[in-house]
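Enquirer: I'd like to go over a predicted model; first the sequence, then the structure.
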Amino acid sequence: MKKNIIWIFAILLVSIITIPTSVFAQDFNLVGTTSETLKEAFDAEGITSYDLSNYSETGDKVPIYLFRKNGCQNCKNFLTYIKDVLLPQYGDKFKVVSYELSTNASNFNLLNKVATFFNESQTTYATPYVVVGSKTFSGAIYHNNEIRNEIEATIRSNTNYDVIDEMLNGNQNINNNKIFTDNGITLTSEALLNSKYTLKASAINLQNIILDNFKYIAAYDISMYDGGNIVPLSNGSFQIKIPISEKYGTYKIAYIENNKIMETLDATYENGFVNFTTSHLSEYAIYGMNDSISNNSIMEKNPDTLDGIEKNILSLIFGSIILCSCTFLYKKFN
């Protein structure tokens with residue numbers, strides 16, 4: 001009987017441990033939802049004279065998810081912004097998936113789950129609710145130049161972070177997918193990247209490329225991969241940390257293309273790592289100032305453990321002891 005109780009307890013314990021990690025992936029799906037193409041959304045709102053000749057909803061594009069309501073003026077304004085601004089400038093860089101909310105409860109349920117993923121869950125939403133890559137916007141977007149600039153910058157970054165794919169893969173929250181490591185090198189992205197991406201940092205030899213007054217240290221080809229394909233990340237903000245054993249007073253990072261220095265970047269040194277920030281990934285060479293000394297040959301002077309006041313106090317104490325000793329001996333022998 002005791003053995004049976006132990007086995008039952010063990011099974012319940014395993015169930016409790018494993019259920020939370022699997023429920024979300026099984027629970028999230030698109031069953032019952034109905035999506036629209038950009039053309040269908042234009043037509044539903046009576047928007048005409050749009051040019052889709054440079055636009056395609058296939059391929060690796062920046063995803064724009066649009067949650068809208070029929071007759072919503074802000075929604076129509078956002079679609080007009082797509083027609084007048086985004087399509088002419090960036091028509092080949094993004095794709096729109098629209099979900100109409102007023103006629104489909106499953107679409108509204110999807111909006112709730114997406115907002116929860118972004119830690120923005122609430123009972124009512126300002127429409128349109130728009131997801132561009134890993135960023136969300138809502139309400140009167142058309143009249144907000146700051147938001148429009150951010151949307152366009154996100155499209156220019158060529159991110160293909162797809163929140164629906166992330167959720168279908170079982171990811172439950174947005175607070176991941178910023179830090180990637182390989183070969184001791186760490187990349188931290190300001191924007192969220194796709195969880196299926198992998199960083200590849202390969203050591204390469206570029207010592208024939210000279211930077212005046214600096215000594216060549218090392219070089220790496222730093223790239224992000226989606227499976228076997230390179231992800232062309234650009235116009236982003238990426239902080240890169242590279243382990244370096246040699247210590248110099250000044251560091252420079254050179255962006256290399258076709259065996260030529262295209263740009264130099266300032267770098268800092270901290271806790272054995274050279275740190276720099278760049279807008280894109282490529283080949284990078286690390287240089288140190290020629291007149292600096294290798295960390296291996298630096299003999300650091302141990303800091304004094306006592307300051308001047310403490311030394312004076314100790315000198316006074318020792319002097320007093322010596323004086324008292326001399327006085328005692330003098331009295332004893334005289």
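Expert: Yes, it's here.
Enquirer: And the residue nearest the centre of the chain, how far from residue 63?
Expert: Centroid check for the chain by CA atoms, centre = their mean gives residue 189 as the closest residue, at 2.5 Å. Relative to residue 63, residue 189 is positioned 17 Å away (CB to CB, to the nearest Å). C-beta: built from backbone N, CA, C; applies to glycine.
Enquirer: give me the beta-bridge partners of the residue nearest to residue 184 when sequence neighbours are not counted?
Expert: Nearest residue to residue 184 in three dimensions, chain neighbours excluded: residue 243, at 4.8 Å (CB to CB, 6 or more residues apart in numbering). On the basis of DSSP bridges, residue 243 takes part in beta bridges with residue 273.
Enquirer: so what's residue 243 up against?
Expert: By CB atoms under 8 Å, 6 or more residues apart in numbering, the residues touching residue 243 are 184, 185, 272, 273.
Enquirer: Can you turn the buried part of the residues you listed into a ChimeraX selection?
Expert: Entered in ChimeraX, the line below selects the buried ones among the contacts of residue 243, by 16 or more other CB atoms under 10 Å:
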select :185,273
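Enquirer: Farthest-apart pair in the contacts of residue 243, please.
Expert: Using CB to CB, the two most remote members of those are 185 and 272, lying 12.4 Å apart.
Enquirer: ranges for the strands of the stretch 1-150 of the chain?
Expert: Applying DSSP state E, counting those that start in this stretch to the stretch 1-150 of the chain gives strands spanning 62-68, 94-100, 129-132, 135-138.
Enquirer: hey, which of those is tucked in deepest?
Expert: Neighbour counts (mean count of other CB atoms under 10 Å) averaged over each of the strands of the stretch 1-150 of the chain peak at strand 129-132, with a mean of 24.
Enquirer: Residues in contact with that strand: which ones?
Expert: Contacts of strand 129-132 (CB under 8 Å, 6+ apart): 62-67, 78, 94, 111, 114-115, 118, 136-138, 141, 151, 154-155, 163.
Enquirer: Pull the distance from it to the chain's centre.
Expert: Put simply, strand 129-132 sits 19 Å off its chain's centre (CA atoms, centre = their mean, to the nearest Å).
Enquirer: same check, this time on stretch 36-53
Expert: On CA atoms, centre = their mean, the centre of stretch 36-53 falls 34 Å from that of its chain.
Enquirer: With stretch 90-98 instead?
Expert: Taking mean C-alpha positions (CA atoms, centre = their mean), stretch 90-98 and its chain are 23 Å apart.
Enquirer: just stretch 258-272 next, same as before
Expert: 20 Å.
Enquirer: what sits up against that stretch?
Expert: By CB under 8 Å, 6+ apart, stretch 258-272 touches 206, 208-209, 211, 243-245, 247-248, 251-256, 274-278, 285-286.
Enquirer: List the buried residues of that stretch.
Expert: For stretch 258-272, burial by neighbour count (16+ other CB under 10 Å) applies to 261, 267, 269.
Enquirer: Then the first one would be within a strand, right?
Expert: To tie it back to what came earlier, the one meant is residue 261. Yes: applying DSSP: H, G, I helix; E, B strand; the rest coil, one finds residue 261 inside a strand.
Enquirer: Check the gap between it and residue 156 for me.
Expert: Residue 261 is 25 Å from residue 156, by CB to CB.
Enquirer: Next: the last one.
Expert: In this view, residue 269 and residue 156 are 32 Å apart by CB to CB.
Enquirer: ditto for the second one
Expert: Residue 267 sits at a distance of 26 Å from residue 156 (criterion: CB to CB).
Enquirer: same thing with residue 193?
Expert: Distance from residue 193 to residue 156, by CB to CB: 16 Å.
Enquirer: coming back round to it: quickly name whichever of the buried residues of stretch 258-272 is closest to residue 104.
Expert: Nearest to residue 104 among the buried residues of stretch 258-272, with distances taken as CB to CB, is residue 267, at 52.2 Å.
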